[in-house]
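> coordinates for the following, if possible.
(one chain, ligands or ions: 1)
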Amino acid sequence: MKQQIQRPARVDRSLRPHHVAERAVAGLVVLGMLVLFVFVRPQQPASLTSADAAQAMLDFRDNMPAASTAERIGQVTSGAAAADVLEVLGASATDAAAAVAALRQTGLVDRKRMRPGTALTAYFDESMMDSETSRLIAVSIKPNAKNTLLATRQADDSFFVSVLTARLVTSRRRAAGVIETDLQTALVAAGGTPAHATSFAALFPDDVGLAEGGHPGDRFDTVFEVAEDERGNFIENGDLVFAAFNGETSHGSWYRYTPGDTGRTEFFDANGVAAQPFLTRYPIGRAPINSGFGQRYHPLTGQLHLHTGIDFRAPAGTPIKVAGDGTIAFMGFSEGYGRHVRIKHKRGFETLYAHMSGFAGIKEGDAVKAGDVLGYVGDSGSATGEHLHYEIRRDGRWVNPMTLELPSGRNLASDPAELAAFMKQKSEIDALRGATQATELATAATLLPVIQPNSP
Ligand SMILES: [Zn+2]
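Down below sits the predicted model:
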């Protein structure tokens, strides 16, 4: 796939000052000089990472009369300032400082924030070859995916900076297939990213093993956003907007949507019911269960008693996430639970997290949201090893987190306008999937059976 390839960004010519042409003194002859220096990694002008700089150069070149001019490309490495790079490329210290000062005035170039790997192209007038340093006439740099900066030398030897902005367009792409070894490998092979695999697995927490890669034969279908320039050249991958899974131990389809009232982006099933349950059964994700809920002989006292929660085995320091929106009702230490937190949720529910090694910047009375980190796994209190003891209580009584019928999350159907907006977005995604499926009939590997959405 060509997603990893950076192509020249379309630049907005209207932003370029018209006087560049008059002020520029020389045309461009590409020398492609290799500069070997500790701060600078040389690059061939045709290399992919310098392609964006090359686009700015093309615009620049359009306006340059032919003369003896050299173009040299350097790359910012960690620890190197832009001015250092320019000097290594052959600019005098004065010219380098003047150009960088002008570039910094845009607020887009900062010595500390400049990303290592950022390409920088310097243009020199080499008609006066008797000098030790070349006369710097322009610098182009691309500090981020959207912008290219072009600093050009003025008659008074100061530099004038034009900000060229790519117009990014968001489109959507589909990546689907069958897991052969693991989800990430299959998703990346289909055009997705490792981050998509992580987001995908989080949407199917009930699947046994999906977070560890899934099972061979499991089928996945995704649609994600991609940012492109106006010519349709790929710029960067965006987030998942659709995820369907037909696996050995779970299945379902989820559509991303941001309700207008809360502004909180979530995934919903085909009927508009949120994927995020009212409470999760897995506050540290899928982890091995040491001990389930119910009567057992206590490992330390040897007496039969009710084990009031689930023990998830995990190494100390594993982040524990809030099971559902609520308020911190208690945090502190007790002999049995050790360091623990109790959270009050709506509808009479409470959750409790015990044997923690530490808390994560929370305090009693804080409102917390599902997924917030509240602390870390440990073995404080009466614990035989590092684990999370997780309890759910309903109306003051302990219930089994694994078998409890959890209330569903938000249902968009309660708000007709919201549901209509969601359905419109859903049908766009479905249309894309349908269209992609039709064009891919020949590729059996990417064909999927129709996946039934989860019933609420
Ligand atoms: Zn326990």
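> what are the bridge partners for Arg256, then?
Phe267 (DSSP bridges).
> and it, how many residues sit next to it?
23 (other CB atoms under 10 Å). C-betas here are computed from N, CA, C, even on glycine.
> what does the model give it for pLDDT?
pLDDT for Arg256: 95.
> wait, isn't it in contact with Gly238?
No - with contact defined as CB atoms under 8 Å, Arg256 does not reach Gly238; the gap is 10.6 Å.
> can you tell me the helix or strand for the closest residue to Ser134 other than its chain neighbours?
Take Ser134 and drop its neighbours on the chain: the residue closest to it by CB to CB, 6 or more residues apart in numbering is Phe124, 3.7 Å away. Counting by DSSP states H and E, the element that carries Phe124 is strand 119-125.
> okay, the residue in the stretch 201-350 of the chain positioned nearest to the ion and Tyr337: tell me how far apart.
Of all residues in the stretch 201-350 of the chain, the one sitting closest to the ion is Asp311 (4.1 Å; CB to the ion). For Asp311, the distance to Tyr337 equals 12 Å [CB to CB, to the nearest Å].
> same question, Ala314
17 Å.
> what of Trp398?
13 Å.
> got any residues that touch both of Asp311 and Tyr337?
His389 (CB atoms under 8 Å, 6 or more residues apart in numbering).
> sorry, back to before: what helices or strands is the helix or strand following the strand holding Phe124 leaning on?
Following strand 119-125 in sequence order, the next helix or strand is strand 135-141 (DSSP H and E). Judged by 3 or more CB pairs under 8 Å, 6 or more residues apart in numbering; DSSP states H and E, the packing partners of strand 135-141 are helix 51-62, helix 82-89, helix 93-104, strand 119-125, strand 147-153.
> strand 135-141 pairs with which strands, parallel or anti?
strand 119-125 (antiparallel), strand 147-153 (antiparallel).
> one step back: burial of the residue of the stretch 201-350 of the chain closest to the ion, as a residue count?
23.
> quick check, the residue in the stretch 301-450 of the chain closest to the ion?
Closest point on the stretch 301-450 of the chain to the ion, by CB to the ion, is His389, at 3.4 Å.
> quick one on the thing from earlier: when Trp398 and Tyr337 are compared, which one has more neighbours?
Tyr337 (24 against 16).
> for the chain, which spans come out with low pLDDT?
1-68, 78-80, 110-114, 128-132, 436-456 (pLDDT under 70).
> and the residue nearest the centre of it?
In the chain, the residue lying closest to the centroid (CA atoms, centre = their mean) is Ala195, at 6.4 Å.
> next, the closest residue to that one other than its chain neighbours: secondary structure please.
Using CB to CB, 6+ apart and skipping residues adjacent in sequence, the residue nearest Ala195 is Asn237, 7.8 Å away. The three-state label given to Asn237 by DSSP: H, G, I helix; E, B strand; the rest coil is strand.
> thought Asn237 was touching Ser199?
No - with contact defined as CB under 8 Å, Asn237 does not count as touching Ser199 (11.4 Å).
> re earlier: distance check, the residue of the stretch 301-450 of the chain closest to the ion against Ile320.
On the measure of CB to CB, His389 and Ile320 end up 11 Å apart.
> got any residues that touch both of the two?
With CB under 8 Å, 6+ apart as the test, His389 and Ile320 both reach Tyr353.
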